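[1] Coordinates for the following, if possible.
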Amino acid sequence: MDRVRQSETPPESDILVASIDGVNVLLNGQGKRKGRPTERPVEKETASPSTYKNAMCGSISYYRIEQGQAGKKPKRTGTKHIARMPEDRYPTFKREFGRELTAAPAEKSIVKLVITDAHKSISGYLKNNPVYADYNRIIDFFSRIGASLNVG
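    Take a look at the predicted model:
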């Protein structure tokens, strides 16, 4: 990836948006039974025939602000996607995603945003990480009220 990064030129941008999220992946392997513990005695605790693990994915998008007939609007000039299958505390994803952001344009005039659902593992990763020191944070979350009203 370092060689690929050296041969490419980052797209011109006024706005850089980093988006990070986890996704549950069903794996075919023995897993712990999750949920509330049983209250009654059980002869033997059974394992689930499969397990869900959390894989990580993220995107880095670049936007230029253009003057159009309806005023200023952002135009996407490039996007990169990074994803990794499950591993505890996702160190490979963090390392690769951080490297991509470090290689991103570093102009002071660029607006930098990071969008997450504020899951505690992602928030903890962002909290004292110097890579995200100059990023504005946006929390994106699912709202049952918005979903029932067909509000995006």
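
[2] hey, let's count contacts and neighbours off CA atoms from now on
    OK.

[3] Name the next helix or strand downstream of the longest strand belonging to the chain, please.
    Ranked by number of residues, the top strand in the chain under DSSP state E is strand 51-68. Next helix or strand after strand 51-68 toward the C-terminus (DSSP states H and E): strand 71-84.

[4] Output the helix or strand just after that following strand as PDB - backbone C-alpha positions only.
    Once the chain leaves strand 71-84, the next helix or strand it forms, by DSSP H and E, is helix 91-102. The C-alpha coordinates for helix 91-102 follow below in PDB (Å, rounded to 0.1, in the frame of the first residue of the first chain):
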ATOM      1  CA  PRO A  91      -5.500  -3.200  14.900                       C
ATOM      2  CA  THR A  92      -5.000  -3.900  11.200                       C
ATOM      3  CA  PHE A  93      -8.000  -1.700  10.200                       C
ATOM      4  CA  LYS A  94      -6.800   1.100  12.600                       C
ATOM      5  CA  ARG A  95      -3.300   1.000  11.200                       C
ATOM      6  CA  GLU A  96      -4.300   1.000   7.600                       C
ATOM      7  CA  PHE A  97      -7.100   3.600   8.000                       C
ATOM      8  CA  GLY A  98      -4.700   5.900   9.900                       C
ATOM      9  CA  ARG A  99      -2.000   5.600   7.200                       C
ATOM     10  CA  GLU A 100      -4.500   6.600   4.600                       C
ATOM     11  CA  LEU A 101      -5.500   9.700   6.600                       C
ATOM     12  CA  THR A 102      -1.900  10.600   7.300                       C
END
